[in-house]
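In: coords please:
(2 chains)
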Amino acid sequence: MPTFDFMTLLWWGLPFAAAPVIIHLINLLRHRVVRWPAMEFLLASQRKYRTRILLKQLLLLLLRILAIVGLALLFAQPRWDKNLGGVLGGNRTRHVVLLDDSYSMGEVFGTGDSSDLPATTAMSRGRKMVERLIEELAATPGQQDFSLGRLSRLQRTFSGDSDNTAGAATDEQLFDIYVEAVTPQNLDSVRTDVQKIRTSATTTEIVPGLRNIAPLFAGDDGSGVLWLITDLRSNDWRASEDIADVLKPLADTGIEIHIVDTATTESDTEFLKNLPRSNLTVERIEMIGGTPVSNVLLPWEVTVRNYSSSPSRQVSLTIREDRLERPGVQIDSIPAGDIATVRFESRFQNTGSHTVEVELPVDRLPRDNRRTAAVEAVDEAEVLLITTSDRKNLEDDAFYLATALNPGATAATGLRPRIEQPRALTTLELNDFDSIWLLDVPPLDTRAIRPLEDYARNGGGVVFFVGPKTDYKSINEFLFRNGQGIFPVPLAGAVDLLKDQQNPNAPDIVAEEHPIVAILSGRRNPFLDAVGVDRYMAVDRSFQAPAGTGLRRLLSLRNKAFFAVEKPFGEGMGVAFLSTAAPTWNNWARNNPSWVVVMLELERHLARLQREQDAVLVGQPITITLQQGIDQVDVDFILPPDERVVQEVASIDPNGNLATAMKDTYEPGTYKARWQTVSGARRELVTAVNINPIEGNLERVSLSELPDSLPGIPFLYDRANDLEPRDESRGGTSLVRPLLLILFIVLVCEQILGYAVSYHRTSKRT
Amino acid sequence: MNSRVTPASKQYLPPEVLARIGRLDLRAQAVVEGVLAGMHKSPYKGNSVEFLQHREYTRGDDLRRVDWKVWGRQDRFYVKEYENETNLRLFLLVDGSASMDYIPPRFDQAPGLTKYDYAATLAASLAWLGLSQGDAVGASVFDEQIRTNVPPRTNRSHLNSLIAGFEKPRQRHNSDFHAVLRNLAENLPRRGLVIIFSDLFGDRDALCKGLQILRQRGHDVAICHILDDDEIDFPFDGPTRFEGLEAGGEISCNPRALRDGYIEAMEKFLAEVRNRSAASQCDYQLTRTSQAVDKTLVNFLSRRSRTRGRS
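Out: Below you'll find the predicted structure:
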């Protein structure tokens, strides 16, 4: 059953088929009159040729009518609908548009400076494509169902983040726009809805969206068209096998698949020359120190990635502290496809929530140029030191460690060591501490081990120093537990570090490849060389570090034995120094600056684990854990960018904690959570939500790779900036080409016949 | 030309045409009967200035022709016979039927002569030529019958009468050659040269019969077949409605579609007319109205000279 994409044009064009007849009639009225003497011969000729001429003229008239009808049909874009429903009159086509709204769709094309070359984005191209599509659907006969879903929305529904789960969501809830039939009457309304669509700040995936809409085509039996409007980033297309798996059943049922490319740049080269071609992304902003303490210089690191094939030079970074601009920093060069890290320092005068924001100059993808970090500055950070030594003993492990962590007023670190007995592990709220250090403690009972491991599992860092009081068997049994415990390695007992007879000047400690000791590695360090180790706790010789546990050496002895080693545990970390902190088995802590450096770096490293846990990406929930009995359950979330207030009520989660979460974190920025304690004190927690920097990689799937990535799946490739959907794009088989051929033949026949009946003027009279 | 010629008559007798015709002789055929002396030799003997021979007087001879000098010397009656230079009796028969009024629709050119205009011009030229050398010239304009008849005269002032006859308003009916030619043959008292100026659109059998009657009466007949270029070449294109000037009916058509059939019919017509003229021993000449009148006259006179030389 033939259908037409532009039925209106057909209705307008068909009346013109009468034109040849009308012209013929007009010619009858307007023809020249000649009073002719030799009628006898003219009549004779007419009698002879009358039938032939009449047939030829009728045929010519018919051909001309056919030519006009064919032209009108061509304008109307006919297609043959294979669907039986079309034959029966129930011509219904379902158009489902999957619109990639990841923030890479905000890529800018054109400078915008030139009036004739306005700036546009991949998303605006996609919107225009959709607008054009609905206009054509409105002009197409039959019922044209139209649904548009943003990938971010469908992904949310698929992952269950939405209020409705995938199974329960109705079609209307699933899509941003759901129209039973696009008609001229509702066209403006649909167009307005389309124009409202903007890029999200999310990194979207195609597969969840496809899986969500696949059931929609069930039972359509080839009368559906799927439009996947995307910028074809390599990141999105890595899962092409999964995409193919979802598309294959659709293609097998006859669903027409269109992949609409919104980010083609071939034609944009000319007017992109004034823009930096590379895209720079602020990949990371992090306070590299430990717990942020007010009035202490806090070191920050910013990592910028250059996603281009050429290096970027003299990249200026704007820095804002609590939204106030401060002197920025500059990166001299960022290699192509690589990162560059630059450090700066900040100091917060007051305790409480603070934000630090870094912004790059404008480039072709503005959304990834800014990144924010939120810190909660405190007066000081408590570090728990567990020891069994007498507090009055000034030469024990706790003394040297406390001195390293808090050297004094002239070198403020903001850390406040708190020295406690092992039983404090069961009585104190361990989460209040930046890190926990166990200094040559005797065997712990399970009541103490459980909170300690919970602390580490939730992101805390636990450091063990061994010594004479350490029972290695107990450690192996309760803390190592065949690799299940927090202690990184099994111990085999204390041994002396024998002198190296062949190389007596060799340093006892060797720094490994690790950020904590990075400052000491790479060349011979006189401070580290000065460390002498007499005795240490040997690791069980049979121990082989299992792959995937993350076990990593910080320091080794010259005999290749472990000296300091870490192992991730849950969200946190367990670190073991296989010697004493005090200069009992070694002399490291005695007048050696490297001792202070390494201990402070280790503390920052462990404290950072907790902060990393707090780093929230767009779309991830912000969880606020309250103190039962202290905090009230009502929490107000203030959402960016318009300071919208959302009220949530905290409840007991499966872990038994009083917590609430904000799931609507789809806009980057600083989210504030405010609540009150039972006593009426106001509390506020600021969380920075940032975009996933991986979307800043604008690398695209090449057109030659695209068919290979979707083997056996027929699809049509369209360019959104062409704005013209192809002839074959609206269901059924296009009849344009066959019609064009027929029209060509008709016109050739018309010319031949017209010449044969001598309707063409002779150039010269005979 | 004398001053009595009206301005309208100049249309038929342009001076340049007269100048060229004046250098040629119009020679009638040997059998044409004439009464005026001229350049034409007559087979009949009679009063003349050129003595031919004596013969004995017989009863009934005119006593004025007796040569009294011979009688005085020989006492016998002889009458003188002279070579008699007779006048050519030229009769111009112009077709005035409706078909002769065809006006070519050549919008990009100045209006040309209709066939009738052309025929009248040609006839008047011949009349002037004939009168200037003393021939008796008469003329008729006819359609289905003779509408205007100017009897043959020899005086030069007769030319005005002839021209007036050509200019007389016509009724533009269809041609009836048989009736007209028969009538003409009956009313022409002497033999002479009859020149028919016509497009010959009509009944060819009737034409043939009429020619035969003329020939039976001893007339020398010449046909000047005048056709417009359009009628021969049929150059029309574009939607056209042809309305018959003489024959009834009309055709709305694309002329290019009918051209081949028309040309074929026209050629067949011309061949038939030519053949039938030859069969009736009539001179036949096809003339296009696009051809200059003087040239047509020259051709006609040259042709007549050759014909006379052969006879």
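
In: shaky segments in the stretch 1-150 of chain A?
Out: Under the criterion pLDDT under 70, the flagged ranges of the stretch 1-150 of chain A are A:1, A:81-91, A:110-118.

In: And the helices in the stretch 1-150 of chain A?
Out: If DSSP state H, counting those that start in this stretch is used as the criterion, the helices of the stretch 1-150 of chain A fall at A:7-13, A:19-30, A:39-75, A:84-87, A:122-138.

In: quick one: which of those helices is nearest B:His173?
Out: helix A:39-75 (15.5 Å; Cβ to Cβ). Glycine gets a C-beta too; all of them are placed from N, C-alpha and C.

In: For the residue of the stretch 51-200 of chain A found nearest chain B, the count of nearby residues, please.
Out: Nearest residue of the stretch 51-200 of chain A to chain B, counting by Cβ to the nearest Cβ: A:Ile53, 4.8 Å away. Here the number of neighbours of A:Ile53 (other Cβ atoms under 10 Å in any protein chain shown) works out to 19.

In: now swap in the one 4 residues further on and tell me
Out: By other Cβ under 10 Å, 18 other residues sit near A:Gln57.

In: Quick check: it vs A:Thr51, distance?
Out: 11 Å (Cβ to Cβ, to the nearest Å).

In: got the contact list for the closest residue to the residue of the stretch 51-200 of chain A closest to chain B other than its chain neighbours?
Out: Nearest non-adjacent residue to A:Ile53, counting by Cβ to Cβ, 6 or more residues apart in numbering or on different chains: B:Ala257, 4.8 Å away. Taking Cβ atoms under 8 Å, 6 or more residues apart in numbering or on different chains as the criterion, B:Ala257 is in contact with A:Tyr49, A:Ile53, A:Lys56, A:Gln57, A:Val757, A:Ser758.

In: switch to 10 Å and redo it
Out: Going by Cβ atoms under 10 Å, 6 or more residues apart in numbering or on different chains, B:Ala257 touches A:45-46, A:49-50, A:52-54, A:56-57, A:756-759, B:237.

In: May I ask which of these has the most neighbours?
Out: That'd be A:Ser45 among the contacts of B:Ala257, by other Cβ under 10 Å, with 25 neighbours.

In: Could you measure from that one over to chain B?
Out: Distance from A:Ser45 to chain B, counting by Cβ to the nearest Cβ, to the nearest Å: 3 Å.

In: can I assume that residue is in contact with B:Glu267?
Out: No. A:Ser45 lies out of contact with B:Glu267 (Cβ atoms under 10 Å); the separation is 11.8 Å.

In: B:Gly218 and B:Gln281 touch, don't they?
Out: No. If you go by Cβ under 10 Å, B:Gly218 and B:Gln281 don't touch, sitting 11.4 Å apart.

In: Counting neighbours around each, name which of the two comes out higher.
Out: Neighbours were counted for B:Gly218 and for B:Gln281 using other Cβ under 10 Å; B:Gly218 has more, 14 against 11.

In: tell me the secondary structure for the residue nearest to A:Ile53?
Out: Secondary structure, DSSP: H, G, I helix; E, B strand; the rest coil: B:Ala257 is helix.

In: pLDDT score for it?
Out: Note on B:Ala257: pLDDT of 81.

In: Pull up the gap between it and A:Leu444, please.
Out: B:Ala257 is 117 Å from A:Leu444, by Cβ to Cβ.

In: Where does the most centrally placed residue in chain B sit: helix, strand or coil?
Out: Central residue of chain B (Cα atoms, centre = their mean): B:Ile195, 2.1 Å from the mean position. Going by three-state DSSP, the secondary structure assigned to B:Ile195 is strand.
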